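J.: generate a structure from the sequence data that follows.
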Amino acid sequence: MSFRARLNLFFVLLVVAPLLAVGVVLLRTIDGAAQGRTESALAAQGRVAANAADALRQDAEGAARRIVADRRLAAAVRAGDVAAVRERAARLVAPATDARRIRLTLAGGSTVVDVGARDAILPGRNQLVGADGQAIATLETSILGPRSFVKRVRGLTGRAVQVRDAATGTVAAGDPGPGEVVADGRVRRVDDGRWTAVGMRQAGFGREAQDVVLFAGAAESRASTGERLALVGTLLLFLVLAGGGAMIISRSLQRQVAILLEGSRRLGRGDFGHEIPGADGDDEFGQLAAGFNDMSRQLRGRMEELRAERTRLQGAIRRIGETFAANLDRAGLLDLVTRAVADGVRGDAARARILVDEQEEQATTGQADEFDAVLRQAEGAATEGRDGRASDGRRHALAVRMHARGLHGTVVVARHDEPFTAEDAEVVGYLAAQAAVSLENVGRHEQAEREAHTDALTGIANRRRFDDLLGRTMDLAHNHDVPVSLLMVDLDHFKQVNDLHGHASGDLVLQATAEALRDGTRGGDVPARFGGEEFAVLLPATAPDVAHDIAERLRAAIAGLSVTTAEGQELHVTASIGAATLRGDGLDAAGLVAAADGALYRAKRTGRNRTVSADVAPAQG
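T.: The predicted model follows:
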């Protein structure tokens with residue numbers, strides 16, 4: 001690369017790159033400001049929407065008071081005539097009362113009459129009292145549906161709006177927008193930043209609830225085109241000014257460098273007898289010329305020796321370093337480092353020792369037994385942090401410590417007659433450091449292999465590992481004509497554990513459940529975390545009756561768990577289990593999962609804390 005090219009590169013690195021970095025930072029800053037404005041506006045508009053909902057609910061309460069005053073309805077309620085109550089309530093769902101939906105809960109909650117539009121929202125509540133002043137029914141009345149509410153909020157705020165069912169997330173009315181939004185009144189960016197949204201939960205009829213979501217697209221949360229153009233223009237102006245200054249400096253430096261250029265070229269061709277003029281100058285270029293001349297005189301006597309030695313060492317070290325970086329075999333690395341160290345410093349023997357998870361591994365090369373005494377002496381000194389050189393007068397050793405995550409060790413080399421120098425220690429230290437990095441990479445690779453197939457919370461197989469083993473098991477079962485069984489295990493009412501005791505307690509329950517599954521399965525069975533509070537247990541070569549027995553044993557083990565929270569509370573949980581078995585031509589991973597999942601849902605529907613086996617007729621292969 002020419003000197004001019006280097007100057008241009010320096011200009012790019014010192015001026016252009018920082019300007020671009022500043023530009024990126026500023027663009028993000030103005031985008032952040034735009035995002036902040038959007039979030040503030042959404043927060044304020046969310047409060048407007050909440051106030052509108054409160055006002056409409058108050059209007060609904062007024063309609064409820066008018067309906068409560070209806071004598072025929074009151075008489076039917078006092079008489080306990082449900083049919084008359086339903087008939088009268090249906091007549092009261094009319095424009096005259098403003099009611100779109102009426103819901104009465106009678107006789108202490110045992111009877112419910114619900115008439116009108118099922119999608120009506122924001123109900124008002126009132127009590128229907130008897131002659132003794134006691135409440136005999138709870139009345140809920142709504143005066144509008146979700147589309148009307150969306151239209152009103154859109155008119156008040158100018159925002160895109162959705163009304164969703166809080167339980168299912170189904171959009172009842174509104175504009176296309178983001179996916180799930182937490183309805184806690186806080187503004188958030190959702191769907192990977194594609195939307196900014198605020199959600200508010202509103203009580204509905206009975207236990208129903210609706211989420212009102214206001215949102216803005218990503219484009220609204222970015223700076224305007226005008227702001228961006230102004231920023232880009234300013235940066236371009238600075239870039240032009242800096243480029244002009246750099247050009248002037250570049251030409252000045254090129255004129256000064258021209259004096260040295262020819263001399264450096266001749267030195268590059270090996271003409272060490274040539275001396276560069278201008279070495280008597282007192283500026284940096286004069287000092288540079290003097291340095292060139294000194295280098296020429298020194299190289300004249302030592303070049304051949306230095307070239308041969310450096311070529312040998314650089315080639316060996318480069319090959320070794322590249323091999324270290326690519327090798328993931330610990331034993332092979334130890335053998336390689338011993339041979340490399342011996343070759344790098346002309347050693348007669350070498351040894352590498354490491355301690356990994358309380359297990360020692362070692363490799364030797366050459367006649368290590370002959371040098372055992374000085375090798376041990378040098379290793380002990382290096383391990384204690386002292387100078388790792390040792391000698392008995394005729395045999396000499398040099399040891400260097402190796403450090404890597406999860407392992408400790410030493411590399412030691414020995415030779416006859418010639419003591420080791422500081423340069424030798426530098427070479428051995430470099431090779432030991434390269435080996436330590438490679439050994440650490442081996443550990444990381446092994447750890448990554450474990451983590452890739454293990455659920456971090458429970459320590460059992462994760463979904464990825466489960467899917468892989470399920471496919472392999474299906475192939476083996478098909479080849480050997482044996483059945484495959486699967487258990488789907490779901491903790492009952494687990495959401496209540498998180499809601500009442502916190503997610504930390506829920507994690508303890510999941511860990512205890514995983515331990516129960518691990519302890520209660522056979523050697524070849526595979527318990528895995530399928531997702532959330534749902535687990536799967538793969539049972540290779542297992543008939544339906546055996547699978548059912550295992551499922552019952554696991555269910556009883558989970559029911560017998562006692563988990564103590566950080567607050568000292570004891571938690572007990574139960575599980576519903578679905579079991580399925582396939583064989584022969586019916587073997588299909590997706591079909592097996594679907595069958596077990598269906599059985600699990602039947603267990604849930606029929607009372608929980610039970611095992612239900614799928615009614616699958618396996619094909620005979």
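J.: burial count for Val48?
T.: 14 (other CB atoms under 10 Å). No exception for glycine: its C-beta is placed from N, CA and C like everyone else's.
J.: make sure Asp98 is indeed in a helix.
T.: No - counting by DSSP: H, G, I helix; E, B strand; the rest coil, Asp98 falls outside a helix, being coil.
J.: low-confidence stretches in the stretch 351-500 of the chain?
T.: 357-358, 404-406, 442-452 (pLDDT under 70).
J.: output stretch 413-426 as CSV, restricted to C-alpha atoms.
T.: C-alpha atoms of stretch 413-426 as CSV (Å, rounded to 0.1, in the frame of the first residue of the first chain):
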residue,chain,number,x,y,z
VAL,A,413,10.8,-28.4,28.3
ALA,A,414,14.3,-29.7,29.0
ARG,A,415,17.6,-30.0,27.1
HIS,A,416,21.3,-30.8,27.7
ASP,A,417,24.1,-28.4,28.3
GLU,A,418,22.6,-25.1,27.1
PRO,A,419,20.6,-23.1,29.7
PHE,A,420,17.3,-21.5,28.6
THR,A,421,17.3,-17.8,27.9
ALA,A,422,14.6,-15.1,28.3
GLU,A,423,13.9,-15.4,24.5
ASP,A,424,13.3,-19.1,25.0
ALA,A,425,10.9,-18.4,27.8
GLU,A,426,9.0,-15.9,25.6
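J.: same question for that stretch: list its buried residues.
T.: By 16 or more other CB atoms under 10 Å, the buried positions in stretch 413-426 come out as Val413, Ala414, Arg415, Phe420, Asp424, Ala425.
J.: who touches that stretch?
T.: 341-342, 345-350, 366, 368, 371, 374-375, 378, 388-389, 391, 394-400, 428 (CB atoms under 8 Å, 6 or more residues apart in numbering).
J.: which PyMOL command selects the buried ones in those residues?
T.: To isolate the buried subset of the contacts of stretch 413-426 in PyMOL, counting by 16+ other CB under 10 Å, use the following:
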select buried, resi 341+342+345+347+348+349+350+366+368+371+374+375+378+388+389+395+396+397+398+399+400+428
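J.: restricted to helices, list the contacts of stretch 413-426.
T.: Of the contacts of stretch 413-426, the ones assigned to helices by DSSP state H are Val341, Ala342, Val374, Leu375, Ala378, Val428.
J.: closest one of these to Val48?
T.: Val428 (73.4 Å; CB to CB).
J.: quickly list what the closest residue in space to that closest one that isn't next to it in sequence is bridged to.
T.: Excluding the flanking residues, the one nearest Val428 by CB to CB, 6 or more residues apart in numbering is Val400, at 5.0 Å. With beta bridges defined as DSSP bridges, Val400 has these partners: Val411.
J.: could you check how far Val400 is from Gly344?
T.: Counting by CB to CB, to the nearest Å, the separation of Val400 from Gly344 is 12 Å.
J.: find residues that contact each of the two.
T.: Common contacts of Val400 and Gly344 (CB under 8 Å, 6+ apart): Val428.
J.: tell me which of the buried residues of stretch 413-426 fall in helices.
T.: Per DSSP H, the subset of the buried residues of stretch 413-426 in helices is Asp424, Ala425.
J.: want to throw the buried residues of stretch 413-426 into a markdown table with distance to Gly286?
T.: As requested, those are exported to a markdown table (distance: CB to CB, whole Å):
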| residue | distance to Gly286 |
| --- | --- |
| Val413 | 46 |
| Ala414 | 50 |
| Arg415 | 46 |
| Phe420 | 41 |
| Asp424 | 38 |
| Ala425 | 38 |
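J.: looking at the buried residues of stretch 413-426, which is nearest Ala74?
T.: Ala425 (100.9 Å).
J.: distance-wise, check that closest one relative to Glu515.
T.: With CB to CB as the criterion, Ala425 and Glu515 are 51 Å apart.
J.: returning to what we had before: gap between the residue nearest to Val428 and Asp98?
T.: 88 Å.
J.: next one: Leu398
T.: Per CB to CB, Leu398 is found 95 Å from Asp98.
J.: now Gly217
T.: 36 Å.
J.: same deal with Leu539?
T.: Counting by CB to CB - Leu539 and Asp98 are separated by 61 Å.
J.: higher neighbour count, these two?
T.: Neighbour count, other CB under 10 Å: between Leu539 and Asp98, Leu539 has more, with 23 against 17.
J.: the helix or strand hosting the more buried one - what's its average pLDDT?
T.: Here Leu539, judged by DSSP states H and E, is contained in strand 534-540. What strand 534-540 shows for mean pLDDT is 95.
J.: could you list the buried residues of the next helix or strand after that strand?
T.: Downstream of strand 534-540, the next assigned helix or strand under DSSP H and E is helix 544-559. Neighbour-count burial for helix 544-559, counted by 16+ other CB under 10 Å, picks out Pro544, Ala547, His548, Ile550, Ala551, Leu554, Arg555, Ala557, Ile558.
J.: contacting residues around the fifth one?
T.: So the one you mean is Ala551. Leu487, Val537, Ile577, Ala579, Thr611, Ser613 are the contacts of Ala551 under CB under 8 Å, 6+ apart.
J.: quick check, pLDDT for it.
T.: For Ala551, the predicted pLDDT is 96.
J.: how far away is it from Ala599?
T.: Taken as CB to CB, the span from Ala551 to Ala599 is 10 Å.
J.: need the overlap of contacts for the two.
T.: By CB under 8 Å, 6+ apart, the residues touching both Ala551 and Ala599 are Ala579, Ser613.
J.: which strands and helices lie in contact with the longest helix seen in the chain?
T.: Counting residues, the longest helix found in the chain (DSSP H) is helix 17-68. Applying 3 or more CB pairs under 8 Å, 6 or more residues apart in numbering; DSSP states H and E, we find helix 17-68 packed against strand 124-129, strand 135-142, helix 146-157, strand 184-190, strand 195-203, strand 209-217, helix 225-268.
J.: and it, average pLDDT?
T.: 86.
J.: now swap in stretch 614-621 and tell me
T.: Stretch 614-621 comes out at a mean pLDDT of 51.
J.: now do the SS call for the residue most central in space within the chain.
T.: Most central in the chain under CA atoms, centre = their mean is Ala456, positioned 11.4 Å from the mean C-alpha point. For Ala456, the assignment made with three-state DSSP gives coil.
J.: any idea how far Arg529 is from it?
T.: 10 Å.
J.: of the buried residues of helix 544-559, closest to Gly23?
T.: Of those, the one sitting nearest to Gly23 (CB to CB) turns out to be Ile558, at 58.0 Å.
J.: how about the closest one: what's its closest non-neighbour residue?
T.: Ala575 (4.5 Å).
J.: wait, what's in contact with the one you found?
T.: Taking CB under 8 Å, 6+ apart, one finds Val489, Asp490, Leu491, Asp492, Thr513, Leu554, Arg555, Ile558, Ala559, Asn609 in contact with Ala575.
J.: now Thr29: how far from Arg222?
T.: Thr29 is 12 Å from Arg222, where distance means CB to CB.
J.: the more surrounded of those two?
T.: For Thr29 versus Arg222, neighbours defined as other CB under 10 Å are more numerous around Arg222 (17 against 12).
J.: how about the closest residue to Gln367 other than its chain neighbours, what does it touch?
T.: Distances taken as CB to CB, 6+ apart put Ala349 closest to Gln367, at 5.2 Å, once the chain neighbours are dropped. Counting by CB under 8 Å, 6+ apart, Ala349 touches Ala342, Thr364, Thr365, Gly366, Gln367, Ala368, Glu370, Phe371, Leu375, Val413, Ala414, Arg415.
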